[in-house]
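In: this is a predicted model, with the sequence first.
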Amino acid sequence: MNIVVNGTNRAVESPPLTPLLHVLREELDVLSPKAGCENGGCGACTVLLDGAPRRSCLTAVGSIGGAAVTTVEGLGTPEDMSAVQRAFVHYCAAQCGFCTPGMILAATAYLERGGSTEVAAISEALAGHVCRCTGYLKIVDAVAAARDGDFDLSTTAESPHTTVLG
Amino acid sequence: MGSTAEVIQPGSPSEAASAFGDGAAVAVLAGGTLLVPDLHFGRARPERVIMLGDAGLNYVSRNNGTVSIGAATPIAALVGEATPLGPCAASIGDNEIRAQATVGGNLCAPAGFGDLQGPLLALGATARSAGAGGERSEPLEDFLAGRAGRLLLDVSYAEPAAGALAGLGRPHAHHYTVMAVSGARSRSGAVRLAVVGAGAVGSRLRAAEALAGDPDAAGVAAAGEVAPSDDPLASGWYRARTLPALVRQVLSDLEASA
């Protein structure tokens, strides 16, 4: 079987019922999708399938057909990050980083579908993504800013929520 | 870990029914949100797995006021449907889960899942399934009672005149339904009520339906026709105490939409 990962056709030897997460991490050495709860509840394994966010831990690799798999490795490079990636840096929206790839992919899909900057809409779009570090506020700020903004990576944004959190 | 079961990918509903046979040693993979981790961790060890992705069971069709929903239709496709079905679909899981989990998987899932049973029972849905003895259509209620060994193909219902949904959720990253009551009034004026979360599987509330004109009495009657048990979300006592309020809410919402 072959699957397309970040624009590259990759041969896969894992059995077809293997979760896509484990094919990516253990066979193809694509390490940004994280094995968190492995039952669909935490969002850390999220990848894009033909642009739509999908839990790779719940997805049998043999069921995806020719759908293109995108992980954060396919969004940008350290030298040339996507708008959402730059916004996450600028707003300090990542701490331990475990949820960050899933958050960034879900946010990317949300914005590409024309998602608004409303907090409630962003929260709904990210509802399946659990972060135990940030308290979510800086993540929501980053997604809202990423829609239109460009970011000066030499500075760190003053989050409007910083004073709320103390 | 991992499953090496034989994988079958039927290309049509009849191929799926044929591959399913009588359902022995077969697992059905539609969205996979429940089955894939069970296979991976060895909690499910079927001999064969039928993947429904290309089986032609992903559709919502309308014909003369009858809506038919294929078993492999993702829950997200129902979010825009009328109350009670649409709002119920919107409350399940999260964006990614709704896009992957299917109607058939939800209806056939073990206790603790199955939110869509409520609206579809209230809508008087018919379930079409394959299995031993061939294809058959029956009320969803009957299908749910005997669903082991059946491959659900689709559910269909007549569009109602009005619908209502009232539920108790549990705040979390995911919404967990503690209990929910669905109601629908058919175009002929009949009111159907159904509850999920008051038993292992969703059920009609027939005693309450018979008292639909008196919401208070209907609520009391509803509590008398279920025997909710304790689970990690809530106690049976709590469910029995709150069911009358949900029934009253649904009946008053149906009345208000008359």
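Out: Structure's in. What do you need?

In: A:Glu112 contacts A:Gly51, correct?
Out: Yes. Contact criterion Cβ atoms under 8 Å: A:Glu112 and A:Gly51 qualify, at 6.7 Å. In this view, the C-beta of every residue, glycine as well, is placed from N, C-alpha and C.

In: so what's B:Gln117 up against?
Out: Counting by Cβ atoms under 8 Å, 6 or more residues apart in numbering or on different chains, B:Gln117 makes contact with B:106-107, B:140, B:144, B:194, B:196, B:201-202.

In: at 7 Å instead, please
Out: B:107, B:144, B:196, B:201-202 (Cβ atoms under 7 Å, 6 or more residues apart in numbering or on different chains).

In: for whichever residue of chain A sits closest to chain B, which three-state class applies?
Out: Nearest residue of chain A to chain B, counting by Cβ to the nearest Cβ: A:Gly128, 3.0 Å away. Assigned with DSSP: H, G, I helix; E, B strand; the rest coil, A:Gly128 falls in the coil class.

In: could you do the one 10 residues further on as well?
Out: For A:Lys138, the secondary structure call by three-state DSSP comes out as helix.

In: ends of stretch A:54-61, how far apart?
Out: Criterion Cα to Cα, to the nearest Å; first-to-last residue distance in stretch A:54-61 is 12 Å.

In: then stretch B:197-210?
Out: The first and last residues of stretch B:197-210 sit 21 Å apart, counting by Cα to Cα.

In: identify the residues contacting that stretch?
Out: Applying Cβ under 7 Å, 6+ apart, the contact partners of stretch B:197-210 are B:111, B:114, B:117-118, B:121, B:141, B:144, B:177-180, B:191-196, B:218, B:221-222, B:224-228, B:239, B:243, B:247.

In: try stretch B:156-171
Out: B:65-68, B:82-84, B:87-88, B:119-120, B:123-126, B:175-187, B:233, B:242, B:246, B:249-250, B:253-254, B:257-258.

In: just the buried residues of that stretch, please?
Out: Residues of stretch B:156-171 classed as buried: B:156-160, B:162-168 (neighbour count, 16 or more other Cβ atoms under 10 Å in any protein chain shown).

In: what are the boundaries of the helices in the chain?
Out: No chain in the question, so chain A it is. Residue ranges of the helices in chain A, as given by DSSP state H, are A:20-22, A:83-90, A:100-112, A:119-125, A:137-148, A:162-165.

In: wrong chain, I was asking about chain B
Out: Under the criterion DSSP H, helices of chain B are mapped to B:13-20, B:35-40, B:85-90, B:95-100, B:103-108, B:117-122, B:140-145, B:206-210, B:215-224, B:236-256.

In: average pLDDT for the shortest one?
Out: Here the mean pLDDT over helix B:206-210 is 98, rounded to a whole number.

In: what distance separates that helix from the centre of its chain?
Out: Computed by Cα atoms, centre = their mean, to the nearest Å, the chain-centroid distance of helix B:206-210 equals 20 Å.

In: can you tell me how far A:Val130 is from B:Glu96?
Out: The spacing between A:Val130 and B:Glu96, counted by Cβ to Cβ, to the nearest Å, is 12 Å.

In: if you count what's nearby, which of these two comes out ahead?
Out: B:Glu96 (26 against 20; other Cβ atoms under 10 Å in any protein chain shown).

In: now do the contacts for that one.
Out: B:Glu96 touches A:46, A:53-55, A:128, counting by Cβ under 7 Å, 6+ apart.

In: for the nearest residue to B:Arg241 once chain neighbours are set aside, give its distance to B:Leu121.
Out: Excluding the flanking residues, the one nearest B:Arg241 by Cβ to Cβ, 6 or more residues apart in numbering or on different chains is B:Ala223, at 7.9 Å. Separation of B:Ala223 from B:Leu121 (Cβ to Cβ): 18 Å.

In: out of those two, which sits in the busier spot?
Out: B:Leu121 (27 against 21).

In: how about the contacts made by the more buried one?
Out: B:Leu121 sits next to B:140-141, B:194, B:202, B:204 when contact means Cβ under 7 Å, 6+ apart.

In: please redo it, this time with the cut-off set to 6 Å
Out: B:Leu121 is in contact with B:140, B:194, B:202, B:204, counting by Cβ atoms under 6 Å, 6 or more residues apart in numbering or on different chains.

In: any idea how far the residue in the stretch 51-200 of chain B that chain A sits nearest to is from B:Leu140?
Out: Residue of the stretch 51-200 of chain B nearest chain A, by Cβ to the nearest Cβ: B:Asp94 (3.0 Å). Separation of B:Asp94 from B:Leu140 (Cβ to Cβ): 26 Å.

In: now do B:Pro84
Out: As for B:Pro84, its distance to B:Leu140 is 14 Å (criterion: Cβ to Cβ).

In: who has more neighbours, those two?
Out: Shown here are B:Pro84 and B:Leu140; by other Cβ under 10 Å, B:Pro84 has more neighbours (30 against 26).

In: quick one, grab the pLDDT at the more buried one.
Out: On pLDDT, B:Pro84 comes in at 98.

In: and if you look at A:Cys42?
Out: A:Cys42 is assigned 95 on the pLDDT scale.

In: kindly report the same for A:Ala157.
Out: Reported pLDDT at A:Ala157 in the predicted model: 68.

In: ok, and the closest non-adjacent residue to residue 108?
Out: Because you didn't say which chain, this covers chain A. Computed as Cβ to Cβ, 6+ apart, the closest residue to A:Thr108 that is not its neighbour in sequence is A:Val84, at 5.1 Å.

In: switch to chain B, please.
Out: Here the nearest residue to B:Cys108 in space, its sequence neighbours aside, is B:Arg147; by Cβ to Cβ, 6+ apart that works out to 5.5 Å.

In: just to check, the one you found is in contact with B:Asn106?
Out: No. Using Cβ atoms under 6 Å, B:Arg147 is not in contact with B:Asn106, being 12.0 Å away.
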